[in-house]
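J.: For reference, the sequence and a predicted model appear below.
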Amino acid sequence: MDKPTVTLYRPVGPKELELIEASGWREFPPRLPEQPIFYPVTNEAYAIQIARDWNVEESGAGYVTKFDVEAHYLSRYRKEQVGGAIHTEYWIPAEELPEFNRNIVGNIVVTAEFK
């Protein structure tokens with residue numbers, strides 16, 4: 001029996017995308033010291049805004065990734081609203097990212113690219 005999942009999105013720049021690809025499209029890389037939180041977002045529209053409006057300016061390109069996480073695991077975190085109605089995300093402490101990665105079901109896929 002398949003476990004229920006939640007679809008999430010993560011806007012990334014080119015360097016993070018390379019590391020995701022190097023993992024076989026299975027996990028997100030560890031956070032840098034200045035990144036204490038991993039924040040996947042709950043909808044593609046919000047992820048597009050970040051990838052297009054922030055990642056392109058910051059690193060020359062932005063990508064939207066899509067992936068599924070086991071719903072039971074994700075239920076331990078609260079959905080945070082950080083702006084308008086579409087601006088919702090989960091805050092995963094950086095030290096918990098390895099466990100988060102183990103709860104990804106299937107592969108991480110790229111759904112949009114901006115340059």
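T.: Done, it's in.
J.: Could you identify the longest helix within this protein?
T.: When the chain is parsed with DSSP state H, its longest helix is helix 14-22.
J.: avg pLDDT for that helix?
T.: Taken as a whole, helix 14-22 has a mean pLDDT of 98.
J.: For the very next helix or strand once past it, name the packing helices and strands.
T.: As assigned by DSSP states H and E, the chain's next helix or strand after helix 14-22 is strand 37-38. Secondary-structure packing of strand 37-38 (3 or more Cβ pairs under 8 Å, 6 or more residues apart in numbering; DSSP states H and E): strand 92-93. All C-beta spots, glycine's among them, are computed from the backbone N, C-alpha and C.
J.: So which residues make contact with the least confident helix or strand in the chain by mean pLDDT?
T.: In the chain, the helix or strand scored least confidently by mean pLDDT, DSSP states H and E is helix 56-59, which has a mean of 94. For helix 56-59, the surrounding residues in contact (Cβ atoms under 8 Å, 6 or more residues apart in numbering) are 13-15, 62, 114-115.
J.: From those residues, keep the buried residues only.
T.: The neighbour count (16 or more other Cβ atoms under 10 Å) marks 13, 62 as buried among these.
J.: Put together CSV for the contacts of helix 56-59, with distance to Gly106 on each row.
T.: Shown next, in CSV, are the contacts of helix 56-59 (distance: Cβ to Cβ, whole Å):
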residue, distance to Gly106
Gly13, 23
Pro14, 23
Lys15, 23
Gly62, 23
Phe114, 24
Lys115, 27
